[in-house]
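The following block contains a protein sequence and its predicted model.
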Amino acid sequence: MSKRPYEESLFHGGSPPESIDNSHNGLLPINDLLSPEPPQSISGSVKKPRNFIATVACETCRLKKTRCDESRPKCGLCKSLGLECVYNERKSSKRDQSLSLIMSTLHRLETKLEHISSAVRDDMQPLHQQMLHALEGLRDAATPRQSGRASDKHASLSNSQSQHLTPKMGEPDDFVFDERPNTTDSNGHVSISFSQHGVILWPGAREILPRRLLEAHERLGRNYVIDLEMKRSHLPMYTYPYPPQAGEDWLEALPLAMIKGLSDAFFATFNLFTPIMDKTFYFAFTLGAAIESGFGYTIETCLVLNVMALGCLAVLSHQEGNYPLPGTRSSRFEPPEWMGVIHEEPPGLRFFNEARRRIGFLMCDNDIQSCQFYLLSS
């Protein structure tokens, strides 16, 4: 079998061969090899346009299987034949159903967002009214007593001075604490004081306390708490490390058992009467943040130091009353290994001074943790 000549293979296909550049020694250029163009026939150079496909054909065109031009009210075929042109309803596709579902969902969300403000306002309205009624009741109950005391002690003051929003701070005697028996309002509610030094005046407390304690309380006077605070000297500003050989970084060397023990003592005593701190949040976040920062200049460190300072006072009270410390199984007080940390005057001063030294760089903050720090410091 003989082979076809090279020129005949080039002429095969019905189209005349294109001239080949002799500069490439009879070979195709590299650009043509990399991106060859598909051969185009002379007759098929123009692409035939796609035939029109009707979206919704009328019933006559469907039966005759002819192309419908979708003219309204009659298509071209029905108009030429004089027939009635009837179009069926177009069935919705899956895409149309999905779009309809999305639009209805968006409309429902938009409606809810528009009515959320009114819903919140309606829910808060009863609570707001209850708070207003409670405040009005407290004000009405406190007005007779306050007006009676004010008329006895400040009858000489003018009306203009009594209307000042920020009255000047007077002598300790100006701070009057009502020690009269608890009165009953028109609703039968007993008005009592929730201050720490006012608990002794509760009817239930006076019934269970010994008589000598009540007599000692009466000898102290009405404002004994304020008198003691006014006569107290300023706290010293020095700090003794614990243990003494720990140096300036003594806080980072504190054992975790001591930190937890002082914190537990605080939450078992002070925080029960004045719930300023949340115990779960304290042990889960605040304490961990302070230890992770190396007791640095953070608000978490200041809170932990104040808690430990008050914890020293709490441990001392457990020792004086011979009560077991929180977390122990004993029925009496047993001094822990770190008992020496509270042996200073006043107890917990080293922790409080370290907190005071750090709060100077954080005193411009106005978050809830800063508020907790000042409440603990008081």
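In hand now; what should we look at? Worth saying up front: this structure is predicted, and the values here are computed from it rather than measured.

Listing request: residues of the chain with sub-threshold pLDDT.
For the chain, applying pLDDT under 70 flags the ranges 1-55, 90-92, 135, 137-197.

Break it down into its domains, please.
52-91, 94-150, 173-231, 244-377 (automatic domain parsing).

Between these, which one is closest to Met237.
domain 244-377 (6.2 Å; Cβ to Cβ). C-betas here are computed from N, CA, C, even on glycine.

For the closest one, measure first residue to last.
Start and end residues of domain 244-377 are separated by 25 Å (Cα to Cα, to the nearest Å).

Please settle this for me: is Asn253 part of a helix?
I think there's a mix-up here, since residue 253 is Ala and not Asn. No: assessed with DSSP: H, G, I helix; E, B strand; the rest coil, Ala253 is coil; it does not lie in a helix.

show me what contacts it?
Ala246 (Cβ atoms under 8 Å, 6 or more residues apart in numbering).

do the same with Leu81
Thr60.

Strands of the protein, residue ranges please.
For the chain, applying DSSP state E gives no strands.

Where is the longest helix in it?
As assigned by DSSP state H, the longest helix anywhere in the chain is helix 94-153.

What is that helix packed up against?
Here helix 94-153 touches no other helix or strand, going by 3 or more Cβ pairs under 8 Å, 6 or more residues apart in numbering; DSSP states H and E.

returning to what we had before: mean neighbour count, the domains of the chain: which tops it?
Neighbour counts (mean count of other Cβ atoms under 10 Å) averaged over each of these peak at domain 244-377, with a mean of 16.

Select, out of the domains of the chain, the one closest to Tyr238.
Among these, the nearest to Tyr238 by Cβ to Cβ is domain 244-377 (7.3 Å).

returning to what we had before: I'd like the domains of the chain written out as JSON lines, with distance to Tyr238 added.
JSON lines is the format used below for these (distance: least, Cβ to Cβ, whole Å):
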{"stretch": "domain 52-91", "distance to Tyr238": "90"}
{"stretch": "domain 94-150", "distance to Tyr238": "43"}
{"stretch": "domain 173-231", "distance to Tyr238": "22"}
{"stretch": "domain 244-377", "distance to Tyr238": "7"}
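
shouldn't Glu334 be in contact with Asn322?
No: in this structure Glu334 lies outside contact range of Asn322 using Cβ atoms under 8 Å: 10.0 Å.

and the closest residue to Lys74 other than its chain neighbours, what does it touch?
Closest residue in space to Lys74, ignoring its immediate chain neighbours: Cys85 at 4.0 Å, by Cβ to Cβ, 6 or more residues apart in numbering. For Cys85, the contacting residues are 58, 60, 73-75, 78-79, by Cβ under 8 Å, 6+ apart.

Widest-spaced pair of these?
Comparing every pair within the contacts of Cys85 by Cβ to Cβ identifies Thr60 and Pro73 as the most remote, at 13.1 Å.

next one: phi and psi at Ile276?
Main-chain torsions, Ile276, degrees, to the nearest 10: phi -90, psi -40.

Report the separation between it and Ala309.
14 Å (Cβ to Cβ, to the nearest Å).

Next: Ala253.
Applying Cβ to Cβ to Ala253 and Ala309 gives a distance of 18 Å.

Ile259 now?
Ile259 is 12 Å from Ala309, by Cβ to Cβ.

got a list of what Ser263 touches?
Contacts of Ser263 (Cβ under 8 Å, 6+ apart): 282-283, 287, 304, 307-308, 311.
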